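Peer 1: generate a structure from the sequence data that follows.
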Amino acid sequence: MTKRDIIVKIAEESKNLTQAEVGFVVQRTLDTIAEELASGRNIELRNFGVFEIRTTKERVGRNPAKPENEVIIPERAVVKFRSGRVLREKVGNLVK
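Peer 2: Here you go, the predicted structure:
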């Protein structure tokens, strides 16, 4: 599913909102999440999940084609997602 698919689905379900209006809200939501994460703050969406900023340690990497060449991979910040209970339960029902 793409962002466009989400916009179309919400617009169809809402009946009184245009795709342009829904698109604006969806894009602003995503922009706000990105801005907060870029500022180093976590995002918690109850029952959905948590986007967290974590730091990976510096480590040594190797090119599989030339394992004798070691490369230092620097420390960096990454975004991790932990699903909430409700989302885990819904996804967990896929496999029976």
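Peer 1: name the element residue 24 belongs to?
Peer 2: Following DSSP states H and E, one finds residue 24 within helix 19-38.
Peer 1: what do you get for residue 79?
Peer 2: Taking DSSP H and E as the definition, residue 79 sits inside strand 76-83.
Peer 1: what's next to that strand, contact-wise?
Peer 2: 37, 40, 48, 49, 50, 51, 52, 53, 54, 55, 56, 91 (CB atoms under 8 Å, 6 or more residues apart in numbering). In this view, the C-beta of every residue, glycine as well, is placed from N, C-alpha and C.
Peer 1: again, but for stretch 6-24
Peer 2: Contacting residues not belonging to stretch 6-24 are listed as residue 26 [CB under 8 Å, 6+ apart].
Peer 1: for it, C-alpha coordinates in PDB please.
Peer 2: Output in PDB follows, covering the C-alpha atoms of stretch 6-24 (Å, rounded to 0.1, in the frame of the first residue of the first chain):
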ATOM      1  CA  ILE A   6      -4.100   5.500   2.000                       C
ATOM      2  CA  ILE A   7      -5.300   8.900   0.900                       C
ATOM      3  CA  VAL A   8      -7.800   7.400  -1.500                       C
ATOM      4  CA  LYS A   9      -9.100   4.900   1.000                       C
ATOM      5  CA  ILE A  10      -9.600   7.600   3.800                       C
ATOM      6  CA  ALA A  11     -11.300  10.000   1.300                       C
ATOM      7  CA  GLU A  12     -13.700   7.200   0.200                       C
ATOM      8  CA  GLU A  13     -14.500   6.300   3.800                       C
ATOM      9  CA  SER A  14     -15.000   9.800   5.000                       C
ATOM     10  CA  LYS A  15     -17.400  10.800   2.200                       C
ATOM     11  CA  ASN A  16     -17.100  14.500   3.100                       C
ATOM     12  CA  LEU A  17     -13.400  15.100   2.600                       C
ATOM     13  CA  THR A  18     -11.700  15.500  -0.700                       C
ATOM     14  CA  GLN A  19      -8.500  13.600  -1.600                       C
ATOM     15  CA  ALA A  20      -6.700  16.900  -1.600                       C
ATOM     16  CA  GLU A  21      -7.800  17.600   2.000                       C
ATOM     17  CA  VAL A  22      -6.900  14.100   3.100                       C
ATOM     18  CA  GLY A  23      -3.600  14.300   1.300                       C
ATOM     19  CA  PHE A  24      -2.700  17.500   3.100                       C
END
